[in-house]
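Q: Fold the following, please.
(one chain, ligands or ions: 1)
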Amino acid sequence: MIPGSFEYYAPRSLGDAIKFLAAHRDDVKILSGGQSLLPLMKMRLSKPAFVVDIGRIPGLDTIIEEDDNLIIGALVTHAQIESSELLQTKCPLLPQTATTIADVQVRNRGTIGGSIAHADPAGDWPAAIIALDAEIKVTGPNGERWVKCDDFFLGLLMSVLEPDEIVTAIKVPMTGKDKTAYMKAAPRSSGFAVVGVAVRIGLDGSGNCARAAIGITGVTDKAYRPERAEQMLAGKNLDTKTVEAAAVEATRNVEVIEDINGSAEYRKNLTEIYTARAIQEALNR
Ligand SMILES: Cc1cc2nc3c(=O)[nH]c(=O)nc-3n(C[C@H](O)[C@H](O)[C@H](O)COP(=O)(O)OP(=O)(O)OC[C@H]3O[C@@H](n4cnc5c(N)ncnc54)[C@H](O)[C@@H]3O)c2cc1C
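A: Prediction:
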């Protein structure tokens, strides 16, 4: 449980961090909250020669309003999101999701940027940001780029990030009157989602569903959007029959994983149930 030796660097600017990453790109890791990286290093599943601690770079730990969006710095912790009055008012899906992550210690250290960069297929943030159509700001030697969250995750612990790029912010919309909810089934031992479903539903003047967005985590090698289920909700009155029919579509064309937490069939069934519950929960709010 002791990591291999490595050189530690704590830059005071984004530019210095990127220069260091670019110089050591084949053997370097970024350290944010350390809640995923340090366990991997202690188990020697990750053995970087260099670790860049970005925790002292100013300007990455704020939540600000920008037009109709909120810009969340990569170093904002799960706990900061949970307690943010701004988010509770303008984008309540995020604080609600934060409450489901692990325990207080992990929420105090772990960051949204680290979580998203880590691309854990059972992480909670990927589901929430997909339901919000978020964009991820990535900064590297060639400057900044914004990546749509649908395009960001590639597979198990894999994303479009290059080794010398840093997630610096996440842009989410203010959700206004839209209804949102995150529901998760997780074993008490780890807290990680066996299935986690985030939904955002906009209703029209007559109470029908104008648009629906769903993000699902824990079910396959990356969080995903069940497009067919979303389409089955749009334009409809969301009665039980419609919601349940859409929920059945939530795993269509998805290679559902199986592991110690459950068989593929069990997970598929759980996904249907949690999709229906998340939609219902959002509508009840
Ligand atoms: C006991 C325990 C229970 C947990 N339960 C849950 C849970 O229920 N739900 C959940 O979602 N998560 C859970 N986690 C994970 C936790 O949320 C972590 O905080 C998160 O996965 C990683 O964030 P971090 O800031 O700690 O990143 P780190 O551990 O510092 O880094 C993680 C990875 O991302 C890279 N990285 C970090 N920051 C950046 C960045 N800004 N740009 C580019 N790359 C970066 C690192 O190099 C590393 O590869 C749990 C962790 C523990 C230890």
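
Q: Do you have the helices of this structure handy? List them.
A: 14-23, 37-42, 78-83, 85-90, 93-99, 104-109, 112-118, 125-131, 149-152, 227-233, 240-248, 264-284 (DSSP state H).

Q: For Thr139, find the nearest of those helices.
A: helix 14-23 (6.1 Å; CB to CB). Just so you know, the C-beta spots here come from the backbone N, C-alpha and C atoms, and that holds for glycine as well.

Q: my guess is Leu93 contacts Leu132, does it?
A: Yes - at 6.4 Å, Leu93 counts as touching Leu132 under the criterion of CB atoms under 8 Å.

Q: Give me the common contacts of the two.
A: Taking CB atoms under 8 Å, 6 or more residues apart in numbering as the criterion, Leu93 and Leu132 both touch 175, 198, 200.

Q: quick check, nearest of the residues you listed to the ligand?
A: Of all the shared contacts of Leu93 and Leu132, Ala198 has the smallest distance to the ligand: 11.8 Å, by CB to the nearest ligand atom.

Q: Now for the nearest residue to that closest one once chain neighbours are set aside: which residues touch it?
A: Nearest residue to Ala198, sequence neighbours excluded (CB to CB, 6 or more residues apart in numbering): Ala131, at 3.9 Å. Counting by CB under 8 Å, 6+ apart, Ala131 makes contact with 93, 180, 182, 198-200, 213-215.

Q: can you rerun that using 7 Å?
A: By CB atoms under 7 Å, 6 or more residues apart in numbering, the contact set of Ala131 is 93, 198-200, 213-215.

Q: how about those residues, which pair is most distant?
A: Greatest spacing in those, by CB to CB: Leu93 and Ile214 (11.7 Å).

Q: Contact residues of the protein facing the ligand?
A: For the chain, the residues in contact with the ligand (CB under 6 Å from any ligand atom) are 29-37, 39, 74, 101-102, 106, 110-111, 113-115, 117-118, 120, 123-125, 161, 166-167, 190-192.

Q: so where's this structure uncertain?
A: For the chain, no stretch is flagged by pLDDT under 70.

Q: repeat that for 90
A: Residue ranges of the chain with pLDDT under 90: 1, 187-191, 285.

Q: would a markdown table of the helices of the chain with distance to Leu70 be doable?
A: Formatted as a markdown table, the helices of the chain follow (distance: least, CB to CB, whole Å):
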| stretch | distance to Leu70 |
| --- | --- |
| helix 14-23 | 20 |
| helix 37-42 | 26 |
| helix 78-83 | 10 |
| helix 85-90 | 6 |
| helix 93-99 | 8 |
| helix 104-109 | 19 |
| helix 112-118 | 12 |
| helix 125-131 | 12 |
| helix 149-152 | 14 |
| helix 227-233 | 23 |
| helix 240-248 | 28 |
| helix 264-284 | 19 |
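
Q: Quick check: which of those helices is nearest to Glu65?
A: Nearest to Glu65, of all the helices of the chain, is helix 85-90, at 7.1 Å by CB to CB.

Q: Pick the most deeply packed of the helices of the chain.
A: Burial of the helices of the chain is given as mean neighbour count (mean count of other CB atoms under 10 Å); helix 125-131 ranks first at a mean of 30.

Q: Please tell me which one of the shared contacts of Leu93 and Leu132 counts the most neighbours.
A: Highest neighbour count within these: Ala198, with 30 neighbours (other CB atoms under 10 Å).

Q: Buried ones in stretch 29-36, by neighbour count?
A: 29-36 (16 or more other CB atoms under 10 Å).

Q: now the strands for the stretch 51-200 of the chain?
A: For the stretch 51-200 of the chain, strands defined by DSSP state E, counting those that start in this stretch occupy the ranges 63-66, 69-73, 135-140, 143-148, 153-155, 158-159, 166-173, 179-185, 195-203.
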